[in-house]
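Trainee: here's a sequence, model it:
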Amino acid sequence: QVQLVESGGGLVQAGGSLRLSCAASERTFNSYAMAWFRQAPGKEREFVAAISRSGSSTYYADSVKGRFTISRDIAENTVYLQMNSLKPEDTAVYYCAADPQYSTVVAGNGGSWGQGTQVTVSS
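Mentor: Residues are numbered from 1 along each chain as shown. Next comes the predicted model:
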């Protein structure tokens, strides 16, 4: 398993932007497909975005498509989630996940998870 540490969460007004980071401990970072999930209070965890091991393929939930961008920096062992045009309904704890298999991490069954970072969007 790979150790993941998220950062970059905070409080932002609706319409604002935040960039989340997820730093991985593993030197073979490019062996893992990565994904972001979120969980709002009282709700199920939901998929947000995923990126393949090479970074050539990305996939987004409909609710964030066109507003969020997932990317990865292999040299920095980090995956990012750029969030623009934030809405109050984006308020949640955001988690990153890693797994060697793209389909597995998208399904939420990834073997490694971070501790989460809180994002709060005020109206």
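Trainee: am I right that Asp62 is in a strand?
Mentor: No: secondary structure of Asp62 (DSSP: H, G, I helix; E, B strand; the rest coil): coil, not part of a strand.
Trainee: on the three-state scheme, the residue most central in space within the chain is what?
Mentor: Central residue of the chain (Cα atoms, centre = their mean): Trp36, 2.5 Å from the mean position. Counting by three-state DSSP, the backbone at Trp36 sits in strand.
Trainee: so who does it touch?
Mentor: Leu20, Cys22, Val48, Ala49, Ala50, Ile70, Val79, Leu81, Tyr94, Tyr95, Cys96, Ala97 (Cβ atoms under 8 Å, 6 or more residues apart in numbering). The C-beta positions use only the backbone N, C-alpha and C, and glycine is treated the same way.
Trainee: chain neighbours aside, what residue packs nearest to it?
Mentor: Leaving aside its chain neighbours, Trp36 sits nearest to Val48 (4.3 Å; criterion: Cβ to Cβ, 6 or more residues apart in numbering).
Trainee: name every strand pairing with the helix or strand encompassing that neighbour and say which way it goes.
Mentor: Per DSSP states H and E: Val48 is located in strand 46-51. Its sheet considered, strand 46-51 pairs with strand 33-39 (antiparallel), strand 58-60 (antiparallel) by DSSP bridges.
Trainee: so Arg45 is in contact with Tyr95, correct?
Mentor: Yes: with contact defined as Cβ atoms under 8 Å, Arg45 reaches Tyr95; the gap is 7.5 Å.
Trainee: quick one, which of these two is more surrounded?
Mentor: Tyr95 (23 against 14; other Cβ atoms under 10 Å).
Trainee: need the pLDDT of the more buried one.
Mentor: The per-residue pLDDT reported for Tyr95 equals 98.
Trainee: give the buried residues for the worst-scoring helix or strand of the chain on mean pLDDT.
Mentor: Using mean pLDDT, DSSP states H and E, helix 102-106 stands out as the lowest-scoring helix or strand of the chain, at a mean of 92. Neighbour-count burial for helix 102-106 flags Tyr102, Thr104, Val105, Val106 (criterion: 16 or more other Cβ atoms under 10 Å).
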